[in-house]
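Q: would you be able to build a 3D model of this:
(one chain, ligands or ions: 1)
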Amino acid sequence: MLKIGSVEIAMPAIQAALSGFSDRPMRVVARRYGAEFAMAEVVLDELVTRKGKLRDRLLKIGEDDHPIGGQLMGSRPEQFGEAASDLVEGGYDLVDINFGCPVKKVLGRCRGGFLLSEPGNALAIVKAVVDAVGGRRPVTLKMRRGFDDSEESERNFFTILDGAFTLGAAAITVHGRTVKQRYIGPSNWDFLARVKRHVGTRTILGSGDLFTAGAVVRMMNETGVDGVTVARGAIGNPFIFRECRELLEGRAVAPPSVAEQREAIEFQFGETLKLYDPVRAGAVFRKFGIAYADLHPMRADVRQAFINAKDFEALRDVLAVWYDDRREWPPVTPREGLRDLIAAGAACNI
Ligand SMILES: Cc1cc2nc3c(=O)[nH]c(=O)nc-3n(C[C@H](O)[C@H](O)[C@H](O)COP(=O)(O)O)c2cc1C
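A: Here you go, the predicted model:
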């Protein structure tokens, strides 16, 4: 059981915040296959507080999309506080603060990962959010393991970590890469283990390089973190949450059949069409389709078919041809990590 303040989550692998991906369709398909908690995409504080269509859309959450975390990015404590309060009133079950985004434009505006180099301002933001939320919902943080590999950066990390818990943060997610590192090189799981030892009973979620259910279970075992956020590993693979549950319960894991893949794709695509106009829906879904192809027994052909599909009618054709129930498909082979795990018969003793 993962507990984040008042939010109780029985399956400790949650859907991560993923800008450009973790929209409502991705969240609800993740829930359908076992995720019990999902994070929305990061949003700029000023877009939450500014009246308009975007704000209305951000603050409209479906009944089937709970519990959900809203994540804010910005640089000014008062504005962060105001936006946090709006998220609570809009129905978000948790408010998360982004101190991790490594995008150049974001850093240039002193937001996201930049704040890891300014512990004073970072903690002023945490205090403003905690005060504004006023105990109505848990407040959490997302951090990278530092701005860079310097000793000063590490000191800043721990100043923010400890300070945020003292101010009332309910949990902190740590991505084991630095801001400078962006996505190059591995996430440092040893650092995650150190953080967990350092905070004792406080709640830490781990992030980085969780592409299979086996990796999720390994991170939990090796680092002692209380939960994990599944990010790139859930794009086009909502089944990872079902597999996490199965592995954590010591059950054997089977990769999703082509029919199951079709069911997930149809569901997510249907939700995408409800949210966006058909042209945008096609563009939004295509990148998921390309990722789903990786689960298919004929992954190279299916991947190419999704790449070639330029509109939503073409996407429907890919489904009709490559996910046809009447065809005999070769057996689905698990993705690499899972294959190792099954081959080793490890499923039962993790
Ligand atoms: C396309 C993309 C968008 C992301 N958007 C967010 C975001 O909005 N908020 C956030 O805290 N992290 C965001 N992240 C970081 C992920 O949540 C996660 O920490 C990171 O990808 C490491 O996990 P992974 O190696 O398992 O993918 C994003 C990552 C990617 C690749």
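Q: use CA for all of it now, contacts and neighbours both
A: Will do.
Q: can you give me the helices in the stretch 1-150 of the chain?
A: Counting by DSSP state H, counting those that start in this stretch, the segments of the stretch 1-150 of the chain that form helices are 24-32, 45-49, 53-58, 77-89, 104-108, 119-133.
Q: quick check: residues of the protein near the ligand?
A: Counting by CA under 6 Å from any ligand atom, the residues of the chain close to the ligand are 16-19, 41-42, 98, 142, 175, 207-210, 230-233.
Q: name the nearest residue to residue 59, sequence neighbours excluded.
A: Distance criterion CA to CA, 6 or more residues apart in numbering; nearest residue to residue 59, sequence neighbours excluded, is residue 90 at 4.7 Å.
Q: repeat that for residue 75.
A: Leaving aside its sequence neighbours, residue 75 sits nearest to residue 111 (CA to CA, 6+ apart; 5.2 Å).
Q: where does that neighbour fall, phi/psi-wise?
A: phi -120, psi 180 (degrees, to the nearest 10).
Q: I'd like to know how far whatever residue of the stretch 251-350 of the chain ends up closest to the ligand sits from residue 23.
A: For the stretch 251-350 of the chain, the residue closest to the ligand is residue 287, as judged by CA to the nearest ligand atom, at 11.0 Å. The gap separating residue 287 from residue 23 is 13 Å, by CA to CA, to the nearest Å.
Q: of the two, which one has the most company?
A: residue 23 (18 against 15; other CA atoms under 10 Å).
Q: please give me every residue in contact with the more buried one.
A: 40-41 (CA atoms under 8 Å, 6 or more residues apart in numbering).
Q: what ranges of the protein fall below the confidence cut-off?
A: Across the chain, residues meeting the criterion (pLDDT under 70) sit at 334-350.
Q: quick one: the strands in it, in order.
A: Taking DSSP state E as the criterion, the chain carries its strands at 2-4, 7-9, 13-15, 38-44, 68-73, 94-99, 139-144, 171-175, 203-207, 227-230.
Q: ok and the longest one relative to strand 94-99, angle-wise?
A: So that's strand 38-44. Angle, strand 38-44 to strand 94-99, by axes from the mean of the first three to the mean of the last three CA atoms, to 10 degrees: 50 degrees.
Q: which residue packs closest to residue 304, ignoring adjacent ones?
A: In space, residue 304 is closest to residue 290, 7.9 Å off (CA to CA, 6+ apart).
Q: the closest residue in space to residue 273 that isn't next to it in sequence and residue 183, how far apart?
A: Leaving aside its sequence neighbours, residue 273 sits nearest to residue 281 (CA to CA, 6+ apart; 5.5 Å). In this view, residue 281 and residue 183 are 28 Å apart by CA to CA.
Q: which residues does the residue nearest to residue 75 contact?
A: 73-75, 99, 101.
Q: how much space separates the closest residue to residue 271 other than its chain neighbours from the ligand?
A: Using CA to CA, 6+ apart and skipping the chain neighbours, the partner closest in space to residue 271 is residue 25 (5.2 Å). For residue 25, the distance to the ligand (CA to the nearest ligand atom, to the nearest Å) stands at 15 Å.
Q: and residue 25, how many residues sit next to it?
A: Count around residue 25 with other CA under 10 Å applied: 21.
Q: my read: residue 39 touches residue 19, true?
A: No - the pair residue 39 / residue 19 is not scored as a contact, 10.1 Å apart, by CA atoms under 8 Å.
Q: which one's more surrounded, those two?
A: residue 39 (27 against 12).
Q: neighbour-wise, which of residue 281 and residue 183 wins?
A: Between residue 281 and residue 183, counted using other CA under 10 Å, residue 281 has the larger neighbour count: 19 against 13.
Q: list the contacts for the residue lying closest to residue 73 once chain neighbours are set aside?
A: Nearest residue to residue 73 in three dimensions, chain neighbours excluded: residue 44, at 4.8 Å (CA to CA, 6+ apart). Residue 44 is in contact with 72-74, counting by CA under 8 Å, 6+ apart.
Q: in JSON lines: these, plus neighbour count and distance to residue 242.
A: Shown next, in JSON lines, are the contacts of residue 44 (neighbours: other CA atoms under 10 Å; distance: CA to CA, whole Å):
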{"residue": "72", "neighbour count": "27", "distance to residue 242": "28"}
{"residue": "73", "neighbour count": "24", "distance to residue 242": "31"}
{"residue": "74", "neighbour count": "22", "distance to residue 242": "34"}
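Q: follow-up on the earlier one: which among the helices of the stretch 1-150 of the chain is found nearest to residue 269?
A: helix 24-32 (7.6 Å; CA to CA).
Q: which residues touch the closest one?
A: With CA under 8 Å, 6+ apart, helix 24-32 has contacts from 15, 37-40, 64-65, 234-235, 238-239, 241, 264, 267-269, 271-272.
Q: can you select the buried ones from those in ChimeraX?
A: ChimeraX command restricting the contacts of helix 24-32 to the buried ones, with burial defined by 16 or more other CA atoms under 10 Å:
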select :15,37,38,39,40,65,234,235,238,239,241,264,267,268,269,271,272
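Q: list buried members of the residues of the chain next to the ligand by neighbour count.
A: 16-18, 41-42, 98, 142, 175, 207-210, 230-233.
Q: just the helices in the stretch 151-300 of the chain please.
A: Assigned by DSSP H, counting those that start in this stretch, the helices in the stretch 151-300 of the chain fall at 151-167, 189-199, 213-223, 239-248, 258-275, 278-292, 299-308.
Q: tell me the most buried of those helices?
A: For those, ranked by mean neighbour count under the definition mean count of other CA atoms under 10 Å, the leader is helix 239-248 at a mean of 24.
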